[in-house]
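Undergrad: What shape does this take:
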Amino acid sequence: MITDKQLPDTCPPDRIAVRVASVRDIQIIRELARITFCATYMSIISKEQIEYMMQWMYSEETLRRELAGNITFLLLELDGKAVGYVSFGPESDAASQPESYHLHKIYLLPEVQHLGLGTLLFHAAEERMREAGASFFELNVNRHNPALSFYKRMGMKIARSGDFEIGEGFFMNDYILRKDL
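TA: Numbers count the residues shown, from 1 in each chain. Down below sits the predicted model:
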């Protein structure tokens, strides 16, 4: 877990909270996603693909289903305001590999990036996956996403890459990163 000394003076621990999200938080997650997803991908993929992926991944129905299922969302709050989130859960083939987890999403508002909060959120998810019995987890990241360097600093390694069709003629061109716990 991150120590107080790793956080800049602008983010002392008493200003930060990480909590499990519930269905009551769907609109908060959607608003954070609208801001962070667009900021992250506007220079990487088309506006049309962003809109498609927002509806696919962040519709109220999708989030409700994930929160009611086996996907955990953690919200990061700074001074009581949600500024980021992470989601993770067992891989879809968990019956055959119960120790395998997937980190689905991790995003911070642009104005709070580079303050050590991403590290805090990443470690919070990592700790919960470990507690749930995961021995490793994977993450898909766009091959052109600048966050790739962050994930490498967090100890993740490129396991493979792929071009994944997601519908409407769109693809996710990703590295699949892996970290053993």
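
Undergrad: could you pull out the helices for this protein?
TA: For the chain, the helices defined by DSSP state H occupy 26-41, 47-58, 60-68, 117-131, 148-153.

Undergrad: tell me the mean pLDDT for the last one?
TA: Same thing as helix 148-153. For helix 148-153, mean pLDDT rounds to 97.

Undergrad: hang on, the earlier thing: can you tell me which of the helices of the chain is most buried?
TA: helix 117-131 (a mean of 19; mean count of other C-beta atoms under 10 Å). Where C-beta positions appear, they are placed from N, C-alpha and C, glycine not excepted.

Undergrad: what about that one, distance to the chain center?
TA: Centre-to-centre, helix 117-131 and its host chain are 10 Å apart (C-alpha atoms, centre = their mean, to the nearest Å).

Undergrad: helices and strands around it, which ones?
TA: Judged by 3 or more C-beta pairs under 8 Å, 6 or more residues apart in numbering; DSSP states H and E, the packing partners of helix 117-131 are strand 16-20, strand 72-78, strand 81-90, strand 100-108.

Undergrad: quick check: angle from that helix to strand 100-108?
TA: 160 degrees (axes from the mean of the first three to the mean of the last three C-alpha atoms, to 10 degrees).

Undergrad: Contacts for helix 117-131 next, please.
TA: Outside helix 117-131, the residues that touch it by C-beta atoms under 8 Å, 6 or more residues apart in numbering are 1-2, 6-7, 11, 16, 18, 72, 74, 76, 78, 83-86, 88, 101, 103, 106, 108, 137, 150, 154, 179, 181.

Undergrad: returning to what we had before: so which of the helices of the chain gets nearest Tyr175?
TA: Evaluated over these, closeness to Tyr175 peaks at helix 148-153, with 6.9 Å, by C-beta to C-beta.

Undergrad: Just the CA coordinates for that closest one, please, in CSV.
TA: Coordinates of the C-alpha atoms in helix 148-153 are reproduced here as CSV (Å, rounded to 0.1, in the frame of the first residue of the first chain):
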residue,chain,number,x,y,z
LEU,A,148,1.2,2.0,-20.4
SER,A,149,4.3,3.4,-18.7
PHE,A,150,2.3,3.7,-15.4
TYR,A,151,1.3,0.1,-15.6
LYS,A,152,4.8,-1.0,-16.2
ARG,A,153,5.9,1.0,-13.1
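
Undergrad: chain center to it, what's the gap?
TA: 13 Å.

Undergrad: Can you name every helix or strand that it contacts?
TA: strand 136-142, strand 170-180.

Undergrad: Any buried residues in the last one, and which?
TA: Just to be clear, that refers to strand 170-180. Going by neighbour count (16 or more other C-beta atoms under 10 Å), the buried part of strand 170-180 is 170, 172, 174-179.

Undergrad: Buried among the contacts of helix 117-131? Need that as a selection in ChimeraX.
TA: For the buried members of the contacts of helix 117-131, the matching ChimeraX selection, counting by 16+ other C-beta under 10 Å, is:
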select :2,7,11,16,18,72,74,76,78,83,84,85,86,88,101,103,106,108,137,150,154,179
